[in-house]
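Novice: Give me a 3D structure for the following:
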Amino acid sequence: MKISSLLQGTLLMAFTAMAACNHHQPGAETKPGPVATKSTGNNLISFKVNGEEVRTSGWTISRFSLSSDPSKQWLNITSNMHDEKRVINVNLSGATPGDYVFDGEGRSDTHSHGSYFPDYMENLANSYSFKTGSFHITGVDTVKRIINGTFSGSVKNLKGEVLQITDGKIENGTLNTGVIVY
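Specialist: Take a look at the predicted model:
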C-alpha cells in the first residue's frame, strides 16, 4: 500500500512533535535548553506570523537520522510550547550550515518539511504545513551545542488558509547532545 506524501509528512511531523516532548537516548541529555529572555538571545527563537511577533525559546533542537539511512543526519527544531502557544516544528534534511528549502511537494523522508501550530497546547490538530520558504542555518557547533540561523516561508492548513512566517531567527539555540535514530 502506497502512502501519499502529505499523509507521510503529517505522520512524520506528528511523530517528531511527540518525540520532541519526550525523547530519550541512553547517555544523552534530554532536558530542553534554558528559557530564553528577550535580552540575552540565548536559545531564542523568534518569528512573525502575518506580521505579529512571536518570541520564545527552543524546546528541542536535535540531530537525528532515519533508520532507513542512518548515515544522513537531519535537524529537528521545535520551539517551546510552554513559553508560547504558537509553535514551529521543522525537520531539516541536513545537520550542517546551509539552506534548507521547503517546496511543499517533496517526500518527507528526503526533503525538509515543517509545521506551524497557532495553539499547540489546546489544538494540536490545527496545523499549517510549510509550503514554501527556507531555513538558513548559519552555524552548528556540536561541541558548544549551539545553532544559529534564519527562516521564513508560507504555511497552509487543510482548509486552504495561508499564513506568512517572516523574520525568523534562531539565536544561540541549544543543540541537544548525540544523534537520535528513528
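Novice: what does stretch 64-79 rub up against?
Specialist: 16-17, 19-20, 45, 54, 56-63, 86-95, 100, 109, 135, 137, 140, 147, 170, 173, 179-182 (CB atoms under 8 Å, 6 or more residues apart in numbering). For glycine as for every other residue, the C-beta is placed from the backbone atoms N, C-alpha and C.
Novice: That one: which residues count as buried?
Specialist: 64-65, 73-79 (16 or more other CB atoms under 10 Å).
Novice: Which residues does Ile61 form beta bridges with?
Specialist: Ile77 (DSSP bridges).
Novice: That one and Asn176 touch, don't they?
Specialist: Yes. Between Ile61 and Asn176 there is a contact under CB atoms under 8 Å: 6.5 Å.
Novice: about what we covered before: which of the contacts of stretch 64-79 are buried, as a PyMOL select command?
Specialist: Here is the PyMOL command that selects the buried residues among these (16+ other CB under 10 Å):
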select buried, resi 16+17+19+20+45+54+56+57+58+59+60+61+62+63+86+87+88+89+90+91+92+93+94+95+100+109+135+137+140+147+170+173+179+180
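Novice: Where does pLDDT dip in this structure?
Specialist: Applying pLDDT under 70 to the chain flags the ranges 1-40, 106.
Novice: Try it again at 80.
Specialist: Along the chain, segments meeting pLDDT under 80 span 1-41, 68, 104-109.
Novice: can you give me the strands in it?
Specialist: Using DSSP state E, the strands of the chain run over 44-49, 52-66, 69-79, 87-92, 98-101, 113-117, 128-141, 146-156, 162-174, 179-181.
Novice: Figure out how far the fifth one is from the centre of its chain.
Specialist: It stands for strand 98-101. Distance, stretch centre to chain centre, for strand 98-101: 13 Å (CA atoms, centre = their mean, to the nearest Å).
Novice: partner strands of it, parallel or antiparallel?
Specialist: strand 128-141 (antiparallel).
Novice: Going by neighbour count, list what's buried in the partner strand.
Specialist: 128-130, 132-137, 140.
Novice: so can I have a markdown table of the residues you listed showing distance to Asn157?
Specialist: Formatted as a markdown table, the buried residues of strand 128-141 follow (distance: CB to CB, whole Å):
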| residue | distance to Asn157 |
| --- | --- |
| Tyr128 | 5 |
| Ser129 | 8 |
| Phe130 | 12 |
| Thr132 | 15 |
| Gly133 | 15 |
| Ser134 | 20 |
| Phe135 | 20 |
| His136 | 25 |
| Ile137 | 26 |
| Val140 | 31 |
